[in-house]
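> predicted model, plus sequence, below.
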Amino acid sequence: MSGSTLMVGEKKYIFNEQTKSYEIDRRSTRAALYRTGAVLLAGLACFLLFFFLSSRVWHLATPKERWMTRRNRVLTEQLMLLSNRTEDQYAALLDLSRRDNLIYRPVFGMEELGNDVREAPLGGEDRYETYLGLDHQFLMTLAARRVDQLTRMAYVQSRSFDDVKIYSARAGDMASCIPSIYPVNPKTVQLTSPFGARFHPIRQEIVFHEGVDLAGPAGQDVYATGDGVVESTEVNFSGYGNVIVIDHGFGYKTRYAHLQEIKVIAGQIVIRGDKIGKLGSSGLSTGPHLHYEVLYRGVQVNPWNFLNPDISPEEYAKTVRNG
């Protein structure tokens, strides 16, 4: 194939002497393809070289990396904000639980709820294994742990307020349950040993007296000082001798010791002013008297704070039943 050439547009034609016609020059087409491929390969090589230099040598971030960095910064700020808010909520709930223990529950003689109840964990450490190896692992684990803690505390506080609500509805009952009258007629007895440290007349040493001693004629009536249920009775010849313990609810109990006679049984419901026994000198005693204690939430308190020394015989007679 040889002869003159002809250009039509971008295509090159050559005259074929044998066929007496113009044909496309295939050689120029292949050459063009080779040149195009070479340019593409060179461009790809340049791109790869630039990518290598920017990422490994110059440490330039890719657009996707820059977007992810911005996104990560936003999420970190949001996580920090969440953590701060949970700490604020924890402080507020902690203050509420303290007031619940120091004000609301004691008013109705209810036991405090300890931290072991209020902040008991919801589960083991494996609850937070999903955060291991992640960025900000500590912050994420701390936030998740605090949210779980808030959930537990809110639940316990809600239940506590439910209990307080029930007890507050019984506030009228509380007035009749608190031990507030003399266990014996105040005009027939006298205080021989107050609450607090004293010299024990039999043991001959300084001891803490956990109640008051009211001395008087043996055999006179002893009365329940508030509504309640007889928790226990004990008949013996040592220590407190014949003893009655009454549970008044709302955290209050009373103890009547050295009795000559017990007129109630365990489990019996009593009303303020009911006769429960007779004054005597049983147990470790030097003479007829009533040892009387008031306990609040398991701790002896001064009974004198609950008694009205100015009550008249007429008023007292109206208070006690069959007085």
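Okay, I see it. Keep in mind that what you see is a predicted model, and the values were worked out from it rather than measured.
> switch to C-alpha atoms for all contacts and neighbour counts from now on
Fine.
> so after the one helix or strand Arg159 maps to, what's the next helix or strand?
Using DSSP states H and E, Arg159 sits within helix 137-169. The helix or strand immediately downstream of helix 137-169 is helix 171-177, counting by DSSP H and E.
> name the surrounding residues that touch that next one.
108, 226-228, 248-250, 272 (Cα atoms under 8 Å, 6 or more residues apart in numbering).
> so what pLDDT did the closest residue in space to Ser97 that isn't next to it in sequence get?
Leaving aside its sequence neighbours, Ser97 sits nearest to Gln157 (Cα to Cα, 6 or more residues apart in numbering; 6.8 Å). Note for Gln157: predicted pLDDT of 89.
> ok, the one 3 residues further on next?
According to the predicted model, the pLDDT of Ser160 comes to 88.
> now for the helix holding Arg159, which elements pack on it?
Here helix 137-169 touches helix 63-99, helix 115-118, going by 3 or more Cα pairs under 8 Å, 6 or more residues apart in numbering; DSSP states H and E.
> how about a cut-off of 10 Å?
Secondary-structure packing of helix 137-169 (3 or more Cα pairs under 10 Å, 6 or more residues apart in numbering; DSSP states H and E): helix 63-99, helix 105-107, helix 115-118, helix 171-177.
> report the rounded mean pLDDT for the shortest one.
Spelled out, it's helix 105-107. Averaged over helix 105-107, pLDDT sits at 75.
> from the chain's centre, how far out does it sit?
17 Å (Cα atoms, centre = their mean, to the nearest Å).
> what does that helix contact?
With Cα atoms under 10 Å, 6 or more residues apart in numbering as the contact definition, helix 105-107 has outside contacts at 99-101, 111-113, 160-161, 163-164, 167-168, 171, 250-251, 296-297.
> check the third one too.
Helix 115-118 is touched from outside by 94, 97, 149-150, 152-157, 160, with contacts defined as Cα under 10 Å, 6+ apart.
> swap the cut-off to 7 Å and go again
Contacts to helix 115-118, defined as Cα atoms under 7 Å, 6 or more residues apart in numbering, come from residues 152-153, 156.
> in that helix, which residues are buried?
The neighbour-count check on helix 115-118 (16 or more other Cα atoms under 10 Å) flags Arg118 as buried.
> next: the longest one.
Judged by neighbour count using 16+ other Cα under 10 Å, the buried positions of helix 63-99 are 76, 79, 83, 86-87, 90, 93-94, 97.
> what count of nearby residues applies to His209?
By other Cα atoms under 10 Å, 19 other residues sit near His209.
> what sits against it?
195-198.
> picking up where we left off before, quick one: the buried residues of helix 63-99 as TSV, columns for pLDDT too.
Listed next are the buried residues of helix 63-99 as TSV, based on pLDDT from 0 to 100:
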residue	pLDDT
Thr76	79
Leu79	78
Ser83	80
Thr86	84
Glu87	85
Tyr90	85
Leu93	86
Leu94	86
Ser97	88
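> mind picking the two most distant members of these?
Farthest apart among the buried residues of helix 63-99 by Cα to Cα are Thr76 and Ser97. That separation is 31.2 Å.
> pull out the buried members of the contacts of helix 105-107.
100-101, 112-113, 160, 164, 167-168, 250-251, 296-297.
> ok, which pair from these is furthest apart?
By the measure Cα to Cα, Ser160 and Tyr296 form the most distant pair in these, at 19.9 Å.
> which residues does the residue lying closest to Asn242 once chain neighbours are set aside contact?
Excluding its sequence neighbours, the residue lying closest to Asn242 (Cα to Cα, 6+ apart) is Val235, at 4.4 Å. Contacts for Val235 (Cα under 7 Å, 6+ apart) come out as 241-243.
> so Gln137 sits right up against Tyr131, yeah?
Yes. Between Gln137 and Tyr131 there is a contact at 5.6 Å, judged by Cα atoms under 7 Å.
> partner strands of the longest strand along the chain, with direction?
Taking DSSP state E as the criterion, the chain has its longest strand at strand 252-262. Sheet pairing of strand 252-262 (DSSP bridges) gives strand 242-249 (antiparallel), strand 275-279 (antiparallel), strand 289-296 (antiparallel).
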